[in-house]
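Visitor: Could you look at this predicted model? Sequence included:
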Amino acid sequence: MMRILVSDRIADKGIEKLRSIQRFSVDVMPDISHEELMRRIGDYDALVVRSRTRVTREVIEAGSNLKVIGRAGVGVDNIDVDAATSRGIIVLNAPEGNTISAAEHTIAMMMALARNIPQAHQALKSRIWKREAFMGTELYDKTLGLIGLGRIGREVAKRASAMHMRVVAYDPFLAPESGEGIGVALSSLSDVLSGADFLTIHCPLTRETRHLIGDREFAMMKDGVRLVNCARGGIVDEEALYKAILSGKVAGAALDVFEEEPPLKSPLLDLDCVIVTPHLGASTEEAQVNVAVNIAEQVAHALLGEPFRNAVNVPFIRPEAMAAVKPYMPLAEKLGRLATQLCGAGIRTLRVTYGGAIAEHDTRPLTATLLKGLLSPIMTIDVNFVNAPFLSRERGIKVVEAKDMAVEDFTSLITVEVTTDGKSTTVAGTLFGTNDPRIVRIDEYHVDAIASGHLLVIPHIDKPGVIGPVGMVLGRNGINIASMHVGRKDIGGRALMLLGVDSPVPQHVLREILNVDGVADVKPVEL
């Protein structure tokens, strides 16, 4: 008999799901104190929480029998994941349970925005009958632009199509045909922005997407466009949005998320054409039931040794099976992250070749880890060793593994080739010693770079007067160069500069580097 403790309030259906399995004994203590949790946790095989319970390192260390921690929700900020991982404890969450709720909230906000429903409601509640003040617009025959076509974006697209809207989307990590089954045309960001009557956001907040929609992007849009953001605060530059509304470029906005929450000082709250909700995208009874049932199923699968998807850390694998490949897992993940950041488009195929000594072992864990690195920069949910293969299949990425026992110059070598629409990017790496992952090839150039931190990849013409000015640009802007390597094939031909820097490089500095005579491109990479 395995014992499960539910220490927060979750929907009854989730508890019933666990109790329906005869091998489980389930205790529900939604008001348990931290001290009592510390005393009791050693008796349990699994712990299920929401946001109230703080699963600290001391709780995890006290859980001598603990095998699984499940979070009935998306975030795991109340769980010390590193401590759990070091103890071989699987940490699970439920990222899919709120998909429909978030999509429906987006549609609700779009319709409320189109018909001025909150404003009209408030006026009539104040005993003011003023129909002419609330003239709206139809969604029928309008163009909806989606920024991001993941799970939530797809559900929004289906509902918008049912209302006879034309749907276009920008998602640089999907192949063009990915939207055909749901009637969505994938296009460039500029085309989506310039063609949309309504614009909705469905991408994660990352360094690349912060202020993705700013002054420049608003200038591309139609006059009178309407914007909906139920994704993450910070993707839309709120100051730029405020100015765009005052100028008349944007007719209105519907916001569920904000750069600072609660946004009590935001001037957007003073604008009549802006409707707002307090981060309610997942706040439905159904979503709460969904996440409870989802986490119950995943915890049960993990305890019973059955396949499960939503682990946020690498699940426990027998040490004897992992001993040979585990040292290469950080390298594999970093090669995946590097490939994604260099290719800059929808990935169709991933081909990974294991060369030398590593090819003699079971490399499936390495491929899963590589996929984790490939997908993590572009996904809104946590990507891990377990769900990375599933997510890659879901996104239509063909994965090909190959092995080559004969490899020159290195004991072991991992070579990764990603193919997009007419472009191929190749990166390769090896391990120096036992814990020093190195990048040794980018496309046709041989390099030698530490696979960590902030990198700048700069293709350029091999001639005097290029490397120095690039260094001067960085120096003027207070950015220290930690390492540098230049690879070339022919004197005076194309070359590749690989710079390790101590801090992220702002966009205006990247533009300065791009203006250096002889520089063909510059791509920042975070490893």
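Guide: Noted; the coordinates are in hand.
Visitor: and the longest helix for the chain?
Guide: Counting residues, the longest helix found in the chain (DSSP state H) is helix 285-303.
Visitor: In that helix, which residues are buried?
Guide: 287-303 (16 or more other C-beta atoms under 10 Å). Bear in mind the C-beta positions are built from the backbone N, C-alpha and C, glycine included.
Visitor: do stretch 223-235 as well
Guide: 225-235.
Visitor: just checking, which of those belong to strands?
Guide: Here DSSP state E is the test, and the buried residues of stretch 223-235 give 225-229 as lying in strands.
Visitor: May I see the residues you listed arranged in a markdown table, with pLDDT as well?
Guide: Below are these laid out as a markdown table (pLDDT from 0 to 100):
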| residue | pLDDT |
| --- | --- |
| V225 | 98 |
| R226 | 98 |
| L227 | 98 |
| V228 | 98 |
| N229 | 97 |
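Visitor: Format those residues as CSV; extra columns: distance to P377.
Guide: Shown next, in CSV, are these (distance: C-beta to C-beta, whole Å):
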residue, distance to P377
V225, 28
R226, 30
L227, 25
V228, 25
N229, 21
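Visitor: Pick the one among these closest to S161.
Guide: S161 lies nearest to V228 out of those, by C-beta to C-beta, at 16.4 Å.
Visitor: In this structure the closest one contacts H202, no?
Guide: No: between V228 and H202 there is no contact under C-beta atoms under 8 Å: 9.8 Å.
Visitor: between those two, what contacts are shared?
Guide: T106 (C-beta atoms under 8 Å, 6 or more residues apart in numbering).
Visitor: Now V486. Its backbone dihedrals?
Guide: phi -120, psi 130 (degrees, to the nearest 10).
Visitor: re the thing from before, just curious, which of the buried residues of stretch 223-235 is nearest to L139?
Guide: Of all the buried residues of stretch 223-235, R226 has the smallest distance to L139: 10.0 Å, by C-beta to C-beta.
Visitor: What residues does that closest one make contact with?
Guide: Neighbours of R226 in contact, by C-beta under 8 Å, 6+ apart: 110, 113-114, 197-199, 250-254.
Visitor: Narrow the residues you listed to those in helices?
Guide: Counted as lying in helices by DSSP H, out of the contacts of R226, are 110, 113-114.
Visitor: what about H211, distance to I461?
Guide: H211 sits 32 Å away from I461, going by C-beta to C-beta, to the nearest Å.
Visitor: out of those two, which sits in the more crowded spot?
Guide: When H211 and I461 are compared for neighbours, H211 comes out ahead with 18 against 15, by other C-beta atoms under 10 Å.
Visitor: The more buried one touches D237, doesn't it?
Guide: Yes: counting by C-beta under 8 Å, H211 touches D237, with 4.2 Å between them.
Visitor: Could you check how far V26 is from C203?
Guide: 38 Å.
Visitor: scratch that, K489 is what I was asking about
Guide: For K489 relative to C203 (C-beta to C-beta), the value is 37 Å.
Visitor: try G422
Guide: Distance from G422 to C203, by C-beta to C-beta: 24 Å.
Visitor: Of the two, give the one with the bigger neighbour count.
Guide: Using other C-beta under 10 Å, the more surrounded residue of G422 and C203 is C203, with 25 against 7.
Visitor: Now that one: closest residue in space, sequence neighbours ignored.
Guide: Leaving out its chain neighbours, the residue that sits closest to C203 by C-beta to C-beta, 6 or more residues apart in numbering is G148, at 3.4 Å.
Visitor: which one of the contacts of R226 is nearest E155?
Guide: Closest approach to E155 among the contacts of R226 (C-beta to C-beta): M110, at 13.1 Å.
Visitor: Name the nearest residue to the closest one, ignoring sequence neighbours.
Guide: Counting by C-beta to C-beta, 6+ apart, the residue nearest M110 is V228, at 5.1 Å.
Visitor: What residues are bridge-paired with the one you found?
Guide: On the basis of DSSP bridges, V228 is bridged to T200, A254.
Visitor: who touches it in this structure?
Guide: 106, 109-110, 113, 198-201, 253-255 are the contacts of V228 under C-beta under 8 Å, 6+ apart.
Visitor: what about 7 Å?
Guide: 106, 109-110, 113, 198, 200, 254 (C-beta atoms under 7 Å, 6 or more residues apart in numbering).
Visitor: For those residues, which single residue is the most surrounded?
Guide: T200 (29 neighbours).
Visitor: Make sure that residue is actually in contact with T143.
Guide: No: between T200 and T143 there is no contact under C-beta atoms under 7 Å: 11.7 Å.
Visitor: For the stretch 51-200 of the chain, give me the ranges with low pLDDT.
Guide: Low-confidence segments of the stretch 51-200 of the chain, defined by pLDDT under 70: 75.
Visitor: which residues in it form helices?
Guide: Along the stretch 51-200 of the chain, the stretches classed as helices by DSSP state H, counting those that start in this stretch are 57-62, 81-86, 99-115, 117-125, 151-162, 189-195.
Visitor: The stretch 401-527 of the chain now?
Guide: For the stretch 401-527 of the chain, helices defined by DSSP H, counting those that start in this stretch occupy the ranges 467-476, 507-514.
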